[in-house]
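Chemist: Give me a 3D structure for the following:
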Amino acid sequence: MKKIGNNHAFIDSQNLNLSIKEMGWNLDFHRFRVYLEDHYAIRKAFLFLGFVATNQT
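Modeler: Residues are numbered from 1 along each chain as shown. Now for the predicted structure:
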């Protein structure tokens, strides 16, 4: 049975990337997204990349 919710995930990509690499893993973002939906009823996930110089006005 799937949980019903209106949950959102806000993910800091730098911390996620460093943690995953430190453990010697590779992250499959599609499977990670499915995991968030199945286990936490996440409907939207936002991945924050940090400062990107080309996006500065």
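Chemist: Which pLDDT value goes with N55?
Modeler: For N55, the model assigns a pLDDT of 71.
Chemist: Which residues does the most centrally placed residue in the chain form beta bridges with?
Modeler: For the chain, the residue nearest the mean C-alpha position is I11 (4.7 Å; C-alpha atoms, centre = their mean). For I11, the beta-bridge partners are L47 (DSSP bridges).
Chemist: which residues does it contact?
Modeler: Taking C-beta atoms under 8 Å, 6 or more residues apart in numbering, we find I11 in contact with A45, F46, L47, F48. (C-beta placed from N, C-alpha, C; glycine too.)
Chemist: D12 too?
Modeler: Taking C-beta under 8 Å, 6+ apart as the test, what D12 contacts is F48.
Chemist: Please tell me the pLDDT value assigned to it.
Modeler: Confidence score, pLDDT, at D12: 94.
Chemist: sorry, back to before: can I get the contacts of I11 in CSV including pLDDT?
Modeler: Output for these, formatted as CSV (pLDDT from 0 to 100):
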residue, pLDDT
A45, 95
F46, 95
L47, 92
F48, 91
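Chemist: quick one: which of these has the most company?
Modeler: A45 (16 neighbours; other C-beta atoms under 10 Å).
Chemist: now, the most widely separated pair of the contacts of I11?
Modeler: A45 and F48 (10.7 Å; C-beta to C-beta).
Chemist: hang on, the earlier thing: could you check how far the residue nearest to the centre of the chain is from N17?
Modeler: To N17, I11 is 10 Å away according to C-beta to C-beta, to the nearest Å.
Chemist: Chain neighbours aside, what residue packs nearest to L49?
Modeler: Closest residue to L49 apart from its sequence neighbours, by C-beta to C-beta, 6 or more residues apart in numbering: S13 at 5.4 Å.
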